[in-house]
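Enquirer: this one's sequence-less:
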């Protein structure tokens, strides 16, 4: 997922590592911070594999040289491959889709639609799972009552959020389908 992020960010233009890390921190939200120990080894691997190019830029006040990264043609091809990869239902599916959506401007309409349709299917599957579990819980009425009641409230919340997500994705699919 971070490979997609780095390549996607470099599609917008060259950047230095600090800026990449700051953008990813803000994109990931307060609970998902990327460390330098994760980002910089990834950048090194991407350079070694020829997906990005590293250029050193001298600091004006005698500091260390700044490392500037830019995407290569091989990196652009890899970015396209990552954007076209089918989604897998994991705990990070939502986050991956959000990363992909940020870079939709760099891929064809059919790639955007495939991603959103797969995501809609993922959301529908999750909603159906919760709905079935909720029905079982209502039918079987396990004890203790307070815990069952609270679990039903959680399910109600998950179904509400899931329905809102499915509605939004459906509208986004419709919007993209109308594009020229």
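Expert: It's in. Fair warning: this is a prediction, and the values are worked out from it, not measured in the lab. Residues are numbered from 1 along each chain as shown.
Enquirer: So for stretch 147-158, what gets flagged as buried?
Expert: Buried residues in stretch 147-158, counted by 16 or more other CB atoms under 10 Å: 155, 158. Using the backbone N, CA and C atoms, a C-beta is placed for each residue, glycine as well.
Enquirer: What lies in contact with it?
Expert: Residues from elsewhere that reach stretch 147-158 (CB atoms under 8 Å, 6 or more residues apart in numbering): 126, 127, 130, 133, 134, 137, 138, 141, 142.
Enquirer: count of residues packed around the last one?
Expert: Right, the one you point to is residue 142. 10 (other CB atoms under 10 Å).
Enquirer: How about the second one?
Expert: Taking other CB under 10 Å as the criterion, the count of residues near residue 127 is 17.
Enquirer: which of the contacts of stretch 147-158 are buried?
Expert: 126, 127, 130, 134.
Enquirer: Quick check: which element contains the last one?
Expert: So that's residue 134. helix 109-140 (DSSP states H and E).
Enquirer: need the contact list for residue 170.
Expert: Per CB under 8 Å, 6+ apart, neighbours of residue 170: residue 120.
Enquirer: State whether it is indeed within a strand.
Expert: No - in this structure, residue 170 is helix, not part of a strand, as judged by DSSP: H, G, I helix; E, B strand; the rest coil.
Enquirer: That one and residue 40: what is the separation?
Expert: Per CB to CB, to the nearest Å, residue 170 is found 40 Å from residue 40.
Enquirer: and which of the buried ones among the contacts of stretch 147-158 is nearest residue 57?
Expert: The closest of those to residue 57 turns out to be residue 126 (CB to CB; 45.8 Å).
Enquirer: Find the residue closest to the closest one in space, skipping its chain neighbours.
Expert: Nearest non-adjacent residue to residue 126, counting by CB to CB, 6 or more residues apart in numbering: residue 162, 6.0 Å away.
Enquirer: about what we covered before: go through the contacts of stretch 147-158 and name the one nearest residue 89.
Expert: Nearest member of the contacts of stretch 147-158 to residue 89, counting by CB to CB, is residue 126, at 7.8 Å.
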